[in-house]
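Enquirer: the sequence and its predicted three-dimensional model are supplied below.
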Amino acid sequence: MSANPSVVATAAATASGPGAAALPPAMLERFAREVAKYPAGQKQSAVMACLAIVQQEQGHVSAAAERAVAEYLGMPPIAVHEVTTFYNMYNQQPVGRYKLNVCTNLPCLLRGGAQALRHLEEKLGLKDGETTADGWFTLQHCECLGACADAPVMLVNDRNMCSFMSDDRLDQLVDDLRNAQEQQA
Ligand code: FES
């Protein structure tokens, strides 16, 4: 879908402060296309989409990027920060090539979620929240992923849901990811 030039121009005109102005023009154009999906006066509804764009382009959503998005959308920075911190999918700092989110909410906890997290810590040689030295894996616990019947579950790179994660299945998955990466190198 091509950008509506008038919307892009309007968006650029409202992006007056140094925060939003510091964002690349191509990113501002993508923001404008998201804003255009909502009625006039409701551009704040595009906040999740704008944060997703920032992450796609920069790998994570920095505090500076949050402020820029807030300025662009006319929102208080704290309101944008609340969105970034509420959803697992937004990375607040750089992450590895593979982000592994292990659910440790109660249903998963009762079916081995904590063990799955511990097992990955040992296999990868890191602690919850850390990234391996080679930059391949980031391990994080997370809130309910909405797949409790498949507990314990893990989400890879915010997209691929892995169900019934036994130690063996976790080993297999990590090994497969490493092998695939090595073959591409
Ligand atoms: S508690 Fe783990 S997916 Fe719901």
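Expert: Happy to help now that I have it.

Enquirer: surely V174 meets G125?
Expert: No. Counting by Cβ atoms under 8 Å, V174 does not reach G125; the two are 11.4 Å apart. Where C-beta positions appear, they are placed from N, C-alpha and C, glycine not excepted.

Enquirer: among those two, which residue is more densely surrounded?
Expert: The residue with more neighbours, out of V174 and G125, is V174; 18 against 10, by other Cβ atoms under 10 Å.

Enquirer: if I look at that one, how far off is the ligand?
Expert: The gap separating V174 from the ligand is 20 Å, by Cβ to the nearest ligand atom, to the nearest Å.

Enquirer: with G74 instead?
Expert: Relative to the ligand, G74 is positioned 35 Å away (criterion: Cβ to the nearest ligand atom).

Enquirer: and what of T84?
Expert: On the measure of Cβ to the nearest ligand atom, T84 and the ligand end up 21 Å apart.

Enquirer: that residue touches Q93, doesn't it?
Expert: No. No contact is recorded between T84 and Q93 when judged using Cβ under 8 Å, the distance being 11.2 Å.

Enquirer: the lengthiest helix in the chain: how far from the chain's middle?
Expert: Ordering each helix of the chain by length in residues (DSSP state H) puts helix 167-184 first. Distance, stretch centre to chain centre, for helix 167-184: 22 Å (Cα atoms, centre = their mean, to the nearest Å).

Enquirer: by contact count, what packs against it?
Expert: Secondary-structure packing of helix 167-184 (3 or more Cβ pairs under 8 Å, 6 or more residues apart in numbering; DSSP states H and E): helix 113-124, strand 154-156.

Enquirer: tell me which of T84 and Q93 has more neighbours.
Expert: T84 (23 against 12).

Enquirer: just the local confidence number for the more buried one, please.
Expert: Turning to T84, the model gives it a pLDDT of 96.

Enquirer: what's the weakest-modelled helix or strand in the protein?
Expert: Averaged element by element with mean pLDDT, DSSP states H and E, the chain has its least confident helix or strand at helix 5-14 (a mean of 37).

Enquirer: many thanks, we can stop here.
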